[in-house]
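1. Everything below, folded, please.
(one chain, ligands or ions: 1)
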Amino acid sequence: MKHLEGAVAVITGAASGIGRGTAQAFAERGMRLVLADIEPAALHKVVAEFEAKGVSVVSSCVDVSDANAVDSLADFAYASFGQVNVVCNNAGVIENNLAIWEYSTDDWNWVLGINLMGVAHGIRSFVPRMIDGGEPGHVVNTASFGGLICGSATPIYIASKHAVVAMSESLYHDLKARGSKLNASVLCPGWVRTSIVESDRNRNNAPPLSEKLSRTRQRFQQGVNTGIDPHEVGAMVVDGIIEERFYLHTHPEWLDQVSARFDAIKDGKSPALCRIPNPKK
Ligand code: NAI
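-> Prediction:
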């Protein structure tokens with residue numbers, strides 16, 4: 001997509017962090033916005049800020065893990081603007097850090113329901129209608145640098161983000177194989193200054209936080225605090241759409257870790273233990 005002015009973008013998880021930063025970057029390009037989030041108060045605040053700046057924006061309170069709710073979001077977007085050109089399947093959450101065998105089925109369902117099925121619903125609900133619309137368009141799925149490497153932390157999140165990378169590659173190939181005017185990208189951010197560590201603020205019956213988990217959360221928060229600004233990520237998404245790039249990296253200097261993982265795979269060695277590198281100074 002070369003022309004963003006007047007195009008309509010749907011963004012999930014738009015009330016905070018990367019979703020909000022992307023909305024801001026899109027608004028600066030004259031795009032019209034459909035903002036979706038599970039957190040009503042935060043969503044209304046963001047919408048009011050955009051409206052005050054004269055941005056053409058509508059919003060819907062949506063849980064992306066609910067297939068029907070995402071179908072309704074697509075109905076709402078088309079009813080509001082008559083077209084959808086860009087979809088950012090961005091809403092995501094992260095679990096507290098335990099060993100992989102220590103999680104409950106609720107933990108698995110919560111993270112996979114949002115991070116994996118949320119993206120699947122976004123693709124299923126929007127892409128057929130965007131193809132039928134016949135206009136150029138772009139789908140951006142938010143994975144993570146954690147979707148490219150493996151380590152010893154937040155294993156459900158890592159599994160979900162590997163799935164998002166794989167699903168995005170499938171989407172890309174399926175679109176190309178059918179000569180579609182739509183394109184796809186996968187966003188793989190490193191540290192970004194957002195509220196991701198407090199993900200369970202929107203979780204029903206979130207388990208209480210032990211002292212040990214609080215400490216690991218604090219360490220994770222320190223990484224997030226030294227991350228880049230979400231608006232910078234939004235600007236990278238804009239560039240990625242215009243330049244038709246598939247993999248969108250915010251921290252390309254970390255990619256040696258991905259090579260190390262694939263070297264171990266190629267050489268039949270034990271898996272490389274990738275660590276999220278020191279935050280960008
Ligand atoms: P954030 O917590 O600031 O924003 C996430 C937004 O998603 C929130 O507004 C939240 O209310 C919304 N959300 C949560 N569950 C939802 C649901 N079921 N339905 C609809 N909306 C829901 O966090 P951030 O960092 O902006 O997260 C956005 C994406 O970026 C996520 O997919 C995350 O995994 C990814 N990411 C973030 C990184 C970081 O360092 N912050 C690094 C790599 C990836």
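
2. hey, let's count contacts and neighbours off CA atoms from now on
-> Fine.

3. How about the residues of this structure by the ligand?
-> Within the chain, the residues that sit near the ligand (CA under 6 Å from any ligand atom) are 12-19, 37-39, 62-65, 90-93, 114, 142-145, 189-196, 199, 224.

4. Narrow those to those in strands?
-> Restricting the residues of the chain next to the ligand to those inside strands, with DSSP state E as the criterion, leaves 12, 37, 142.

5. how close does Ala235 get to Glu28?
-> Computed with CA to CA, to the nearest Å, the distance linking Ala235 and Glu28 is 10 Å.

6. do the same with Ser104
-> Relative to Glu28, and taking CA to CA, Ser104 is found at 43 Å.

7. Looking at those two now, which is surrounded by more residues?
-> A side-by-side neighbour count of Ser104 and Glu28, using other CA atoms under 10 Å, places Glu28 first with 13 against 10.

8. any idea how far the more buried one lies from Pro252?
-> Between Glu28 and Pro252 the distance is 25 Å, computed by CA to CA.

9. cool, Asp107 as well?
-> As it turns out, when the distance is counted by CA to CA, Asp107 lies 31 Å from Pro252.

10. Now for Arg29: which residues touch it?
-> Contacts for Arg29 (CA atoms under 8 Å, 6 or more residues apart in numbering) come out as 4-5.

11. Equivalent analysis for the one 4 residues further on, please.
-> Contacts here follow CA under 8 Å, 6+ apart; on that basis Leu33 touches 8-11, 23, 26-27, 55-58.

12. in a strand, that's where it is, yeah?
-> Yes: if the criterion is DSSP: H, G, I helix; E, B strand; the rest coil, then Leu33 is within a strand.

13. Can you spell out which residues form a bridge with it?
-> Each beta-bridge partner of Leu33 is listed here, defined by DSSP bridges: Ala9, Val57.

14. what are the phi and psi values for Ser185?
-> Backbone torsions for Ser185, taken as degrees, to the nearest 10, come to phi -140, psi 160.

15. If we ignore the residues flanking it in sequence, what's nearest it?
-> Spatially, and ignoring its direct neighbours in sequence, Ser185 is nearest to Phe246 (4.1 Å; CA to CA, 6 or more residues apart in numbering).

16. Looking at that neighbour now. What's its pLDDT?
-> We note a pLDDT of 98 for Phe246 in this prediction.

17. Now it, what are its backbone angles?
-> Note on Phe246: backbone dihedrals following degrees, to the nearest 10 are phi -80, psi -60.

18. ok, it - how many residues close by?
-> Residues lying near Phe246 (other CA under 10 Å) number 17.

19. check contacts around it.
-> Listed by CA under 8 Å, 6+ apart, the contact partners of Phe246 are 184-186, 240.

20. now it: how far from Ser65?
-> 25 Å.

21. again, but for Ile265
-> Between Ile265 and Ser65 the computed distance is 33 Å (CA to CA).

22. Look at those two and report which has more neighbours.
-> Ser65 (23 against 13).

23. pretty sure that one is touching Val111, no?
-> No: in this structure Ser65 lies outside contact range of Val111 using CA atoms under 8 Å: 9.3 Å.

24. quick one on the thing from earlier: ok, so of the contacts of Leu33, who is nearest Cys274?
-> Distance ranking of those against Cys274, using CA to CA, places Ile11 first at 30.4 Å.

25. Surely that closest one is in contact with Leu35?
-> Yes: at 5.2 Å, Ile11 and Leu35 qualify as touching, with contact defined as CA under 8 Å.

26. So for these two, which residues contact both of them?
-> Contact criterion CA under 8 Å, 6+ apart; residues shared by Ile11 and Leu35: Ala23.

27. residues near Met117, how many?
-> Counted by other CA under 10 Å, the residues lying close to Met117 total 20.

28. Could you pull up the residues touching the spatially closest residue to it that is not a sequence neighbour?
-> For Met117, the nearest residue in space outside its immediate sequence neighbours is Ser65; the separation is 5.9 Å by CA to CA, 6+ apart. Residues in contact with Ser65 (CA under 8 Å, 6+ apart) are 113-114, 117-118, 121.

29. Closest one of the residues you listed to Asp229?
-> Distance from Asp229 was checked for each of the contacts of Ser65 by CA to CA. The minimum falls on Ile114, at 23.3 Å.

30. circling back to that earlier point, pLDDT score assigned to the residue nearest to Met117?
-> For Ser65, the pLDDT comes out at 98.

31. Phi and psi next, for it.
-> The phi/psi pair for Ser65 (degrees, to the nearest 10) is phi -80, psi -10.
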